[in-house]
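Peer 1: quick one, what's the 3D model for this:
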Amino acid sequence: MQIIQTFKNKLTKLFQRSTLSLVSKSSKYDAWIKTHETPINIKYIHENPFPYTPKISIIMPVWNTGERWLHFAIQSVINQSYDNWELCIADGHSTNPNIKKILQKYSKTDKRIKTIFLKENAGIAGNTNEALKLAEGTFVCFLDHDDELPSICLYEIIKLLNFDKKYDIIYSDNDKIDEYGRRTDPFFKFDFSLPALLSTNYPFHLFVCRKSLIDCVGGLRCGFEGAQDFDLILRVVERTNPQNIAHIDKILYHWRMIHESSAHSSSAKPYAYTAGKLALQEYLVRNNIIGTVDELEPGSYRVKKESPQDKNISIIITNASEKNETFTQKLNSLLQITTYPISKLFVPKKYKDELIYPFVQVFNKNPFVYLKDICETENFDYLIIINDMGNFDESFMANPEWIQSLIEHYSHFNVGIVGTGSLVFSNIICNIERPCGPVFCVKRNLITDFLNQQTNNLDFDELQIQISEFSERAGCSNLYTPFSLGNLPNYNRISQYYSNFKSRKYFTKNMEFYLHSYLIYNP
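Peer 2: Presented below is the predicted three-dimensional model:
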């Protein structure tokens, strides 16, 4: 749960560097709420009941909660427009005697509210597991004792399940709510991406899971305090298919922003981030993945998978600009630090005398025409295509393992393209339809099949976009990585990469909120 905040912080920093701000003014989000959230039509809901009405168990561990916030949390459940729910509360022996009185009063008033009072505090994982023992619903969702659910929350979950009962896991967007009830800092998420989940716990809040799946993995585990939810999610996603994981792109959870919570500050619970790293390390062990986990900033991680050492890597520089010293200086510097062996490096003929390496081969034709020659005559496993390096900033060329950062994913995910450059994802590796940076890697069979069907000459941007779309049609996914070379989006043509934004999969429609200052959308 705490890890979500760091992802939001990373997004905020990224957008600030790009002269954007997620919520620079609360009025911006207020305007979004007025435009996108419509009042609940209770009469319509009552007159049009769903045929499938499973019980949802809301799990809420409690310990010395502020009385005001506890009232708000429970009342937000009572106010749900869908009424087949139960609220399962486990109090971890709160020292404030009023907590027990409040919970007893609610339990007597509404039989759907179940409460157990523990003899001692079992910690967040233990208390949650005790609450899970009370649950009889088909699905469970988790509510912190000081947060709130909007009244439409459970209705939206059931509406989706009536559309398709296959879903085992459902998560939603969320925002923050302060002590005065003001909503800020929306977190608009992308659809399910396992690479992103291995970078940060972005699905949590609201998180709904089939109870049988949680029972199957044994509930929450002690020893992961602060990241017990992250550990749970990593374990349950292993037991279902990605097709059974759904994202509702609506704000269905309000995260309380008070001084002692991680919603207020990522430093509130620093132990949580160590626990998150441990959860990821155990994920690698369970799935027989050789790799390491590095903590980048609180709540975000890099899972660095072992790269294959026997792949033939070819690189082509599609530098169409005039000959310049900056290009050769940067390329020479890059080649000197690169640790992965390069089979062939294809560069324009004008640089023949400046690049004295045995693997360098020059060409004297349109680079996108020459790509066909490479595919027909060269032996390679992966082809890395790089646009004009003369525009690269030195800070984006500091990783000697930039090739490994591209190819490490092919052994673990069914990917066609691994690219760089994104306005959104910062340090989060994620599925993405169209990488928009000046560097991308493509596997041999994909680019060969693409070029066999391509008759037009393409510039770099058109090539990257069309191969990305070809990759998806071929049943592959595309990834963005921030850990390779040239992690810069092409701002001059960003609207080209993000066209038809609202119809795209991983950039869900609400994420327009983040990118409004840059993008020009097609009608």
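
Peer 1: how close does the residue nearest to Gly219 when sequence neighbours are not counted sit to Gly218?
Peer 2: Computed as Cβ to Cβ, 6 or more residues apart in numbering, the closest residue to Gly219 that is not its neighbour in sequence is Asn129, at 4.6 Å. For the C-beta atoms, the positions are set from N, CA and C on the backbone; glycine is no exception. Using Cβ to Cβ, to the nearest Å, we find Asn129 at a distance of 9 Å from Gly218.

Peer 1: got it, and Thr326?
Peer 2: Taken as Cβ to Cβ, the span from Thr326 to Gly218 is 57 Å.

Peer 1: tell me which of the two has more neighbours.
Peer 2: Comparing Thr326 with Gly218 by neighbour count (other Cβ atoms under 10 Å), the higher total belongs to Thr326, at 13 against 10.

Peer 1: mind exporting the C-alpha coordinates of the helix or strand hosting that one to PDB?
Peer 2: According to DSSP states H and E, Thr326 maps onto helix 325-337. Extracted C-alpha coordinates of helix 325-337, given in PDB (Å, rounded to 0.1, in the frame of the first residue of the first chain):
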ATOM      1  CA  GLU A 325      31.700  15.600 -34.100                       C
ATOM      2  CA  THR A 326      29.200  15.400 -31.300                       C
ATOM      3  CA  PHE A 327      27.800  12.200 -32.800                       C
ATOM      4  CA  THR A 328      31.200  10.400 -33.100                       C
ATOM      5  CA  GLN A 329      32.300  11.500 -29.600                       C
ATOM      6  CA  LYS A 330      29.200  10.200 -28.000                       C
ATOM      7  CA  LEU A 331      29.200   7.000 -30.000                       C
ATOM      8  CA  ASN A 332      32.900   6.300 -29.200                       C
ATOM      9  CA  SER A 333      32.300   7.000 -25.500                       C
ATOM     10  CA  LEU A 334      29.300   4.600 -25.500                       C
ATOM     11  CA  LEU A 335      31.200   1.800 -27.300                       C
ATOM     12  CA  GLN A 336      34.100   2.100 -24.800                       C
ATOM     13  CA  ILE A 337      31.800   1.500 -21.800                       C
END
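
Peer 1: can you point out the buried residues in that helix?
Peer 2: By neighbour count on 16 or more other Cβ atoms under 10 Å, the buried set for helix 325-337 is Phe327, Thr328, Lys330, Leu331, Leu334.

Peer 1: and those residues, which is closest to Cys209?
Peer 2: Here the nearest of those to Cys209, counting by Cβ to Cβ, is Leu334; it sits at 45.3 Å.

Peer 1: surely that closest one and Gly486 touch.
Peer 2: No - judged on Cβ atoms under 8 Å, Leu334 makes no contact with Gly486 at a distance of 9.9 Å.

Peer 1: show me the contacts for the residue nearest in space to the middle of the chain.
Peer 2: For the chain, Ala196 is the residue whose C-alpha lies nearest the centre (Cα atoms, centre = their mean; 4.0 Å). Neighbouring residues of Ala196 by Cβ atoms under 8 Å, 6 or more residues apart in numbering: Phe190, Tyr202, Phe425, Ile428, Ile429, Cys430, Asn431.

Peer 1: same thing but at 6 Å, please
Peer 2: Tyr202, Ile428, Cys430 (Cβ atoms under 6 Å, 6 or more residues apart in numbering).

Peer 1: sorry, back to before: between the buried residues of helix 325-337, which is nearest Ile56?
Peer 2: Nearest member of the buried residues of helix 325-337 to Ile56, counting by Cβ to Cβ, is Leu334, at 53.7 Å.

Peer 1: any idea how far that closest one lies from Ile315?
Peer 2: Distance from Leu334 to Ile315, by Cβ to Cβ: 10 Å.

Peer 1: repeat for Leu134
Peer 2: Applying Cβ to Cβ, the value for Leu134 to Ile315 is 59 Å.

Peer 1: give me the more crowded residue out of these two.
Peer 2: Neighbour totals were compared for Leu134 and Ile315, and Ile315 leads with 24 against 16 (other Cβ under 10 Å).

Peer 1: the more buried one belongs to a strand?
Peer 2: Yes - under DSSP: H, G, I helix; E, B strand; the rest coil, Ile315 falls within a strand.

Peer 1: just checking, it touches Leu383?
Peer 2: No - contact criterion Cβ atoms under 6 Å: Ile315 and Leu383 do not qualify, at 7.4 Å.

Peer 1: sorry, back to before: looking at the buried residues of helix 325-337, which is nearest Lys114?
Peer 2: In terms of Cβ to Cβ, no member of the buried residues of helix 325-337 lies closer to Lys114 than Leu334, at 61.6 Å.

Peer 1: need the pLDDT of that closest one.
Peer 2: In this prediction, Leu334 carries a pLDDT score of 88.

Peer 1: is Arg302 within a helix or a strand, and which one?
Peer 2: Element membership of Arg302 [criterion: DSSP H and E] is strand 300-305.

Peer 1: next one: Asp30
Peer 2: Under the assignment here (DSSP H and E), Asp30 is part of helix 26-36.

Peer 1: average pLDDT for that helix?
Peer 2: The model assigns helix 26-36 a mean pLDDT of 87.

Peer 1: how far away from the center of its chain is that helix?
Peer 2: Relative to its chain's centre, helix 26-36 lies at 23 Å (Cα atoms, centre = their mean, to the nearest Å).

Peer 1: buried stuff in that helix?
Peer 2: Applying 16+ other Cβ under 10 Å to helix 26-36 flags Tyr29, Trp32 as buried.

Peer 1: neighbours around Gly276, how many?
Peer 2: Neighbours of Gly276 (other Cβ under 10 Å): 29.

Peer 1: secondary structure class for it?
Peer 2: The three-state label given to Gly276 by three-state DSSP is helix.

Peer 1: what sits against the spatially closest residue to it that is not a sequence neighbour?
Peer 2: Spatial nearest neighbour of Gly276, excluding adjacent residues (Cβ to Cβ, 6+ apart): Ala227 at 3.9 Å. For Ala227, the contacting residues are Ala272, Ala275, Gly276, Ala279, by Cβ under 6 Å, 6+ apart.

Peer 1: quick one, strands of the stretch 1-150 of the chain?
Peer 2: 56-62, 85-91, 113-117, 139-142 (DSSP state E, counting those that start in this stretch).

Peer 1: could you redo those as JSON lines and give each row distance to Leu463, mean pLDDT and mean neighbour count?
Peer 2: Putting these into JSON lines (distance: least, Cβ to Cβ, whole Å; pLDDT from 0 to 100; neighbours: other Cβ atoms under 10 Å) gives the following:
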{"stretch": "strand 56-62", "distance to Leu463": "48", "mean pLDDT": "98", "mean neighbour count": "26"}
{"stretch": "strand 85-91", "distance to Leu463": "51", "mean pLDDT": "98", "mean neighbour count": "24"}
{"stretch": "strand 113-117", "distance to Leu463": "59", "mean pLDDT": "97", "mean neighbour count": "18"}
{"stretch": "strand 139-142", "distance to Leu463": "44", "mean pLDDT": "98", "mean neighbour count": "25"}
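
Peer 1: mind giving me JSON lines with the ones you listed and columns for distance to Glu156?
Peer 2: As requested, the strands of the stretch 1-150 of the chain are exported to JSON lines (distance: least, Cβ to Cβ, whole Å):
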{"stretch": "strand 56-62", "distance to Glu156": "11"}
{"stretch": "strand 85-91", "distance to Glu156": "13"}
{"stretch": "strand 113-117", "distance to Glu156": "22"}
{"stretch": "strand 139-142", "distance to Glu156": "11"}
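
Peer 1: quick one, which of these is nearest to Leu232?
Peer 2: Short answer: strand 139-142, nearest of the strands of the stretch 1-150 of the chain by Cβ to Cβ, at 8.9 Å.
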